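[1] Sequence first, then the predicted structure:
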Amino acid sequence: MSAYPPIDTVVPSPNHDGRKGAPVDLLVLHYTGMADDDAAVRWLADPRSKVSCHYLVHEDGRIVQLVEEQERAWHAGVSSWKGEADINARSIGIEICNPGHEHGYRAFPAPQIDAVIGLCVAIVARHGIAPEHVLAHSDVAPERKEDPGELFPWDRLAAAGVGHYMEPAPILDGRFMALGDAGEPVAALQGMLKLYGYGVEATDAFDARTQAVVTAFQRHFRPQKVDGVADSSTVATLHQLLRSLIA
């Protein structure tokens, strides 16, 4: 395996296959969701698990490489972005040690985030990955996943030139859309979310899928309140992000 600085340990995982010519244009960040970090490494390297990632970052900042970047690691599962379903073929996957929402979700320590930033800076430079293609696992699998969650400091990554992020619009009283609503405003919201990349269709019905996508969007871009309700702050933040891509 190649040693991309600052890799501390290489633990080869057998859980990978070939990309079959797919370009690497996505970087997907996860949390391990396990209470024991060493157990997470063992699981990702266990052939019985059928899961893996390219890198894992411990809370103290140590970086483990499990799969070579040119190989297709099995980290995203059933997922999609911008209409493409095989996210594993197109992406680099980084697992970040954190117990997750089921085992005592907590803030990510500074040494860990420093290491994640350094690793991401190198990866996006190597592959020419666009800022808006640095994603959360919950972005590509909103009905299944919550990671890396609302405590992950996307603003710190953006300050280092990694990822697409803008200061969220303030949370105010006013109009909102929620589960069960329908009509043109809902279709417009769905259209904007799809334009950004999320897997949702403009049906004009605020259904469970739309709620899950709005929740994922909030976890990444408006983490101060994650409730799946498309309030004015959520919609305005989405507008700002889309405008910045076409400016």
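    Received, thanks.
[2] Next, the buried residues of the helix or strand hosting residue 117.
    Using DSSP states H and E, residue 117 sits in helix 110-127. Using 16 or more other C-beta atoms under 10 Å as the test for burial, helix 110-127 gives 112-113, 115-120, 123-124, 127. C-beta here means a position set from N, CA and C on the backbone, and glycine is covered the same way.
[3] nearest to residue 231, of the residues you listed?
    Of all these, residue 113 has the smallest distance to residue 231: 28.3 Å, by C-beta to C-beta.
[4] continuing past the helix holding residue 117, what's the next helix or strand?
    strand 134-136.
[5] thinking again about what came up before, can you tell me which of the buried residues of helix 110-127 lies closest to residue 12?
    Comparing those against residue 12 with C-beta to C-beta places residue 119 closest, at 18.1 Å.
[6] Name the surrounding residues that touch stretch 7-18.
    1, 3, 41, 44-45, 47, 49-53, 55, 62-68, 71-74 (C-beta atoms under 8 Å, 6 or more residues apart in numbering).
[7] quick one: it to chain centroid distance?
    The chain centroid and the centroid of stretch 7-18 are separated by 20 Å under C-alpha atoms, centre = their mean, to the nearest Å.
[8] So for that stretch, what gets flagged as buried?
    So stretch 7-18, judged by 16+ other C-beta under 10 Å, has buried residues 13, 15-16.
[9] Neighbours of residue 209, how many?
    Look at residue 209: counted by other C-beta atoms under 10 Å, it has 17 neighbours.
[10] scratch that, residue 134 is what I was asking about
    Neighbour tally, residue 134, other C-beta under 10 Å: 24.
[11] Show the pLDDT at the residue most central in space within the chain.
    Nearest residue to the geometric centre of the chain (C-alpha atoms, centre = their mean): residue 136, 0.7 Å. Residue 136 is assigned 98 on the pLDDT scale.
[12] what do you get for residue 5?
    For residue 5, pLDDT reads 55.
[13] Same check on the one 4 residues further on?
    Looking at residue 9, its pLDDT reads 95.
[14] hey, what's it bridged with?
    Beta-bridge partners for residue 9, by DSSP bridges, are residue 64.
[15] do you know how far it is from residue 42?
    From residue 9 across to residue 42, the span is 13 Å (C-beta to C-beta, to the nearest Å).
[16] Equivalent analysis for residue 138, please.
    Counting by C-beta to C-beta - residue 138 and residue 42 are separated by 25 Å.
[17] Of the two, give the one with the bigger neighbour count.
    Higher neighbour count among residue 138 and residue 42: residue 138, with 28 against 13, using other C-beta under 10 Å.
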